[in-house]
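Peer 1: Give me a 3D structure for the following:
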Amino acid sequence: MARILIVDDSPSQLLGIKRIVEQLGHEALTAEDGAAGVEAAKREKPDLILMDVVMPNLNGFQATRMISKDEETAHIPIILVTTKDQDTDRVWGMRQGARGYVTKPINESELASTIKNLLDS
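Peer 2: Presented below is the predicted three-dimensional model:
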């Protein structure tokens, strides 16, 4: 069982993703925005992070960059889970340090296989 941090400002998205993570047999931790996500990543050291992009204060691209550049948290794989579905968004997200990219509305099997692939690597 892995500990997975879910960062999303939408309560309904947070609950839906948490349900998927728990159905996969993992422990779900949550944060409501990018700044809280960065703090939770440092405090909890999760095995994986699922990061929304469009959030107030600190967006998911900024939070991903901060987590992936900090030697304390750089080892944690991040999957961006977002409505931003342009190729340029995907490229930019990967350049910020993300290791996976899943678009909303979420395809549960795609999210599950992306999580499994990153946890197994």
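Peer 1: what about the most centrally placed residue in the chain, is that helix, strand or coil?
Peer 2: Nearest to the geometric centre of the chain sits L50, at 1.6 Å (Cα atoms, centre = their mean). Three-state assignment for L50 (DSSP: H, G, I helix; E, B strand; the rest coil): strand.
Peer 1: now the helices for this protein?
Peer 2: Using DSSP state H, the helices found in the chain span residues 11-23, 34-44, 60-69, 87-95, 108-120.
Peer 1: In CSV: the ones you listed, plus mean neighbour count and distance to V102.
Peer 2: Where you see a C-beta, it was placed from the backbone N, CA and C, and this is true even at glycine. Output for these, formatted as CSV (neighbours: other Cβ atoms under 10 Å; distance: least, Cβ to Cβ, whole Å):
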stretch, mean neighbour count, distance to V102
helix 11-23, 16, 10
helix 34-44, 19, 16
helix 60-69, 22, 12
helix 87-95, 14, 10
helix 108-120, 15, 5
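Peer 1: do you know which of those helices lies nearest R3?
Peer 2: R3 lies closest to helix 34-44 among the helices of the chain, at 6.8 Å (Cβ to Cβ).
Peer 1: Need the CA coordinates for that closest one. CSV is fine.
Peer 2: Extracted in CSV, the C-alpha atoms of helix 34-44 (Å, rounded to 0.1, in the frame of the first residue of the first chain):
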residue,chain,number,x,y,z
GLY,A,34,-0.7,24.1,-4.4
ALA,A,35,0.9,25.8,-1.3
ALA,A,36,-0.7,23.3,1.0
GLY,A,37,0.4,20.5,-1.4
VAL,A,38,4.0,21.6,-1.2
GLU,A,39,3.8,21.7,2.6
ALA,A,40,2.2,18.3,2.8
ALA,A,41,4.8,16.8,0.5
LYS,A,42,7.6,18.0,2.8
ARG,A,43,5.8,16.9,5.9
GLU,A,44,4.3,13.6,4.8
